[in-house]
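Asks: Fold the following and give me the result.
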Amino acid sequence: MTMLQSKPRLLTIEGGEGAGKSTVLSALRDALLADGCEVVCTREPGGTPLAERIRGLLLDAGDEAVHPHAELLLMFAARAQHVQQVVLPALARGAWVISDRFTDSSYAYQGAARGMDESFIAELERRAVGIEPGLTLLLDLGVAHARERTRGRDLLGGASPDRIERERDDFFERVREGFLARAARHPQRIRVLDAGPDAATVAAAALGVLADYRKALA
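Replies: Reported below is the predicted structural model:
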């Protein structure tokens, strides 16, 4: 069985809606740039023109219900393109890559929340992705708190909720449980951060984890 290759300079940020991933990503990027590193920031689904088009198919709230198998396969189609066109070339030239979501999201959203077979997701991960991050920051936030944040964002003129954001609270409870289960199984790679405090506090915690991680790599 093909094993996943760990990529030390690939950092991923995971968590439910409203957890503050964008703020943490910016803080990590700025810290690495300040140290003279090349940094590539990207997101999933997306990151390439083709993958962004797939993102539109996945997230647009259309008239047709999307079957969980179709959702999962589209996610991995976008991820395969993203890895080959963006992630691996950047890592090969020595850059750091920070991705807003990666394969852990498929285990949480399509696996834990949609009920897809985890072994099937793992097979897709091995065959279509082949790599895993060196470090993943999981921003953990209760569903009720997350709803308050996203509701406030919407009231301030943000984009209307996409197809997945419109799911019910019990769906997001399963997503959160799925992420925490992944963290329990991969404690060396996935660091859980409490996303409940203010953005500056969460960003400072994330920067502390990054600093310790880089010292361990040296």
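Asks: ranges for the strands of this structure?
Replies: Ranges of strands in the chain, per DSSP state E, are 5-15, 39-43, 96-100, 131-140, 190-194.
Asks: Out of the ones you listed, which gets nearest to residue 162?
Replies: When the strands of the chain are compared by CB to CB, strand 39-43 sits nearest residue 162, at 13.3 Å. For every residue, glycine as well, the C-beta is placed using N, CA and C.
Asks: report the angle between the axes of that closest one and strand 96-100?
Replies: Interaxial angle of strand 39-43 relative to strand 96-100 (axes from the mean of the first three to the mean of the last three CA atoms, to 10 degrees): 20 degrees.
Asks: Can you spell out which helices and strands pack onto strand 39-43?
Replies: Using 3 or more CB pairs under 8 Å, 6 or more residues apart in numbering; DSSP states H and E, the elements in contact with strand 39-43 are helix 21-34, strand 96-100.
Asks: Quick check, pLDDT for residue 25.
Replies: On the pLDDT scale, residue 25 is placed at 98.
Asks: From residue 45, how far off is the nearest residue to residue 59 once chain neighbours are set aside?
Replies: Nearest non-adjacent residue to residue 59, counting by CB to CB, 6 or more residues apart in numbering: residue 162, 4.0 Å away. Between residue 162 and residue 45 the computed distance is 11 Å (CB to CB, to the nearest Å).
Asks: between the helices and strands packed on strand 39-43, which one is nearest to residue 84?
Replies: The nearest among the helices and strands packed on strand 39-43, by CB to CB, is strand 96-100 at 13.0 Å.
Asks: Give the burial count for residue 76, as a bare number.
Replies: For residue 76, the number of neighbouring residues by other CB atoms under 10 Å comes to 21.
Asks: ok so, going back, highest mean neighbour count out of the strands of the chain?
Replies: Comparing these by mean neighbour count (mean count of other CB atoms under 10 Å), strand 96-100 comes out on top with a mean of 24.
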